[in-house]
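1. Got a sequence here, can you build the structure:
(chains A and B)
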Amino acid sequence: MKINDIYEGKQGEKLFLLGNEAVVRGALEAGISFASTYPGTPSSEIGNILIKIARKSGLYFEFSVNEKVALEVSAAAAASGLRSFVFMKHVGLNVAADALMSTAYTGVRGGMIILSADDPSMHSSQNEQDNRIMAQLAGIPVLEPSNPQEMKDFMIYGITVSEQYNIPVMIRTTTRVSHMRGVVQLGPIKSGKKEGFFSKEETRFNIAPAFARKLRQELVEKLQKLEITGNTSPVNRVVKKISNSKVGIVSSGVSFNYALDVINELSLPVNILKLGLSYPFPRELVKKFISNLESIIIIEEVEPVLEKEMLSLLGQEGWQKRVYGKLDGTLPRIYEYNPDIIYQALTQVLNIERPAEKPNIEFKDIKPPLRPPVLCPGCPHRSTIYAIKKAVQNLRIKKENIIYSNDIGCYTLAMQPPYNMADYCICMGSSIGVASGLSKATKQKVVSLIGDSTFFHAGIPPLINAVHQKANIMVVILDNQITAMTGGQPNPSIPIDGWGEEVPAISIEELTRATGVGYVRIINPENLNKAVEVFKEGLQYEGVSVIISRSPCIMLKKAETEKLTYQVNQERCTRCQICLKQFTCPALFKKEDGSIHINYLLCTQCGYCIQVCPQKAIEVKK
Amino acid sequence: MSLKKCYQIYMIGVGGQGTIKTATIIGEAAMAQGLNVVMSEVHGMAQRGGTVVTELKIGNALSPLIEKYSADLLLAFEPSELLRATRVIRKDTHIIANCSTIVPFTVSLGISEYPDINQILTRLSKKVNNLYLIDAEKIAQEAGHIITANIVILGAALTTTKFPVKKEAIIESIKQNLPAHSIDMNIKALEMGYQEFSTVSNKLKNVSFK
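-> Here you go, the predicted structure:
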């Protein structure tokens, strides 16, 4: 399949789509004309595809500076009557939470979808928060697709619900749905409105207390009506009805797949209710489903959300039924499920004997090598962090007296040995706020490491704070001129937008100087010795120093690099292993005889290692 | 428990080896053949040189995640990664392991060891009926470029009994999924991998371990 097929595919055609690809088709079929995001796994591919087809399809799309702005621009578009779509990873919604809570109150005019890509088991995230709870906090309905076909279809359904009640709708996915590929049957593309018009209505879009009190009332009424909609919604359906069975499952999202697969394979006599529109909880539908059951199993990820709704319903009705789920220990309280976990739980509840299964083979005494993610060969960040380390060593600052306050991006990988340069790292932009706090609370020296995109996203207010509060920190902005970790999206540091159009670039150095930072330097990490000298100055500066280490991401640079080939001169190499043990580029390796070589497949000819080698043993192959 | 009416493929390798692309080619070919197919892939952090797992079920399954001891076919693009795939292996799982090793930086730092691959293979061969090795990089180079190693492995996989997707469908899918300039080379790589495993004696001939 080619990316263009997502846009050009005809009605009725079948494509093998990733959940994140299917959602883009869904946006086109739903007549969405405005989309925004800040990239984050597991939602990143949605933006990577939109950017390629947005212009052709006439849809406005932007990589916003952060999730809060992304939500605000899409909310404004929906207030102007356009259908809008904002998407982000689950923790992105924390950044956008302030705007979310109020947008639930104001409501929308054109339909608005807020997609939250949750990450149970934390494949690439700092937590596994369940944003269905965030939706409940805001008071907006939740759709939970189980596969790529539903990812597409729920976009269309979500817009219908959103416009019926003038309320934003959350589509809540998880990694295993966003990154699941399956057969998707296409529907017709519907072109969206080209231009909106904002009709003034100050008691709605101005959230002053007097107006908010009325909006709050309206919101609760909308949710009550939505519950009634949920009782007969086509996405809430009894998938299996077995008249003489007293056991039923209520399930949503990806875990529904595991439940039905196990039930079908073992022909278990169990009823299943699948909830696609899971909030507001469709109580009448659920009551009807469970009225003749004795026990109910709730299968959901990752918090016991439906389970608590079920328990509250039973309490209110005064019904005695057994509820199995996370709260009673039938299912694991944390992390994502899989078919084995559901098999275990269902056979346990139904009291079915499990045939003894033992592993065919185990290797208890041999372990696979640790293979954590690593900075790419040729990554300029490696040179930057290596230079900071050298500067700290040259100044003889003791390890315990230097704290590395790291941030979210590729450079977070500096946490690994041999660098060990992430003592504190909690969320986007935290490196500078945390550094300020540490410099006030202790006498230790603090270094902040933050990337260009993260600096724009959430690094500017804490920098202003650090200067204003007279913190004593060194801030290193690792500017590789792209949002790299999520696959290379544009950001405000480059004069080109996502569509390849010329736009004003925002100067990091001018922003920094405007905050009143006394020491601002720009370095190129390709010159290692110079970098070490500047970092030494920055570390000794009293107050806030900012060093912008600027060199493009190697993924951008690869294509234009001249094809020099480097080699290790075996006569000059003393096998001191500084290149392996301190610089640690993955393209360098040691053979069994102890000699050091370059893997030509991995080497990007960046030339950093030439400067690292004290023997000058790494040279251009002639 | 295992889904008996499905053909289940577990693929494991290292970021950059093309495991996701290979699985997508198989999946799209299966769909073109009228089969139902679901696939799971891992993105994000794992792309930076970490382990990459993709799982594929062809047949009537809703979830692509493979139950324990249930893989019909296991493709290990890097041999030490076999150790991370033991959960899905049963006696009649067909295993194709690539010879070329990728030693991570943790080994040169001395914080982890690269295992003895010969020992792994010897022990595994006593437990499973169908364990085959392939020097995919060598064949790929003969096909035109080392980058086609994943397609060489795919070619070899096509010879497996019960593999539900036809070679012609795979070739068509390669044309749809890979860059135009590399199609001929990749089809050559597929054919060479296929030839390499076309007879049992070919499969079993000793591939010297690097």
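
2. just the strands in chain B please.
-> With DSSP state E, the ranges of strands along chain B come out as B:7-14, B:37-40, B:51-58, B:73-76, B:94-98, B:130-134.

3. Which of those sits closest to chain A?
-> With CB to the nearest CB as the criterion, chain A lies closest to strand B:37-40 of the strands of chain B, at 4.0 Å. For the C-beta atoms, the positions are set from N, CA and C on the backbone; glycine is no exception.

4. Of all the strands of chain B, which one comes closest to A:Ala135?
-> strand B:37-40 (25.5 Å; CB to CB).

5. Could you see whether chain A lies near that closest one?
-> Yes: Strand B:37-40 is in contact with chain A by CB under 8 Å from any CB of the partner chain, via B:37-40.

6. Top of these by number of neighbours, please.
-> Sorting the residues of strand B:37-40 next to chain A by how many neighbours each has (other CB atoms under 10 Å in any protein chain shown) puts B:Val37 first, at 28 neighbours.

7. So, low pLDDT: which residues of chain B?
-> Residue ranges of chain B with pLDDT under 70: B:43-47, B:200-210.

8. quick one, domains of chain A?
-> Listed by automatic domain parsing, the domain ranges of chain A are A:4-229, A:236-349, A:380-558, A:561-620.

9. Could you single out the most deeply buried of the ones you listed?
-> domain A:4-229 (a mean of 22; mean count of other CB atoms under 10 Å in any protein chain shown).

10. Quick one: name whatever helix or strand follows the host helix or strand of A:Glu265.
-> If you go by DSSP states H and E, A:Glu265 is part of helix A:255-266. Remark: after helix A:255-266, the chain's next helix or strand is strand A:271-275, criterion DSSP H and E.

11. Let me see the mean pLDDT of the helix or strand following that following strand.
-> For strand A:271-275, the following helix or strand on the C-terminal side (DSSP H and E) is strand A:277-279. The average pLDDT within strand A:277-279 is 98.

12. Now do the SS call for A:Val520.
-> strand (DSSP: H, G, I helix; E, B strand; the rest coil).

13. which ones are touching it?
-> Shown in contact with A:Val520 (CB atoms under 8 Å, 6 or more residues apart in numbering or on different chains): A:509, A:512-513, A:545-548.

14. ok, now how distant is the closest residue to A:Ser430 other than its chain neighbours from chain B?
-> The spatial neighbour of A:Ser430 that comes closest, neighbours along the chain excluded (CB to CB, 6 or more residues apart in numbering or on different chains), is A:Asp407 at 6.4 Å. From A:Asp407 across to chain B, the span is 15 Å (CB to the nearest CB, to the nearest Å).

15. Could you do A:Val349 as well?
-> Between A:Val349 and chain B the computed distance is 15 Å (CB to the nearest CB).

16. Also A:Ser507?
-> Between A:Ser507 and chain B the distance is 29 Å, computed by CB to the nearest CB.

17. Now distance to B:Gln33 too, for the domains of chain A, in CSV please.
-> Compiled in CSV, the domains of chain A are given as follows (distance: least, CB to CB, whole Å):
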stretch, distance to B:Gln33
domain A:4-229, 12
domain A:236-349, 22
domain A:380-558, 31
domain A:561-620, 34
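
18. looking at the ones you listed, which one has the lowest mean pLDDT?
-> Taking the mean pLDDT of the domains of chain A, domain A:561-620 comes last: a mean of 88.

19. And that one, how far out from the chain middle?
-> Centroid separation between domain A:561-620 and its chain, computed with CA atoms, centre = their mean, to the nearest Å, is 35 Å.

20. need the longest helix for chain A.
-> helix A:209-232 (DSSP state H).

21. list the contacts for the spatially closest residue to A:Val503 that is not a sequence neighbour?
-> Excluding its sequence neighbours, the residue lying closest to A:Val503 (CB to CB, 6+ apart) is A:Asp497, at 4.6 Å. Contact analysis of A:Asp497 by CB under 8 Å, 6+ apart lists A:62-63, A:490, A:503.

22. Can you pick out the most distant pair from those residues?
-> Within the contacts of A:Asp497, A:Phe63 and A:Val503 form the most distant pair, 11.2 Å apart (CB to CB).

23. returning to that earlier point: need the residues of strand B:37-40 next to chain A in a markdown table with distance to A:Gln348, can you?
-> Output for the residues of strand B:37-40 next to chain A, formatted as a markdown table (distance: CB to CB, whole Å):
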| residue | distance to A:Gln348 |
| --- | --- |
| B:Val37 | 31 |
| B:Val38 | 26 |
| B:Met39 | 30 |
| B:Ser40 | 25 |
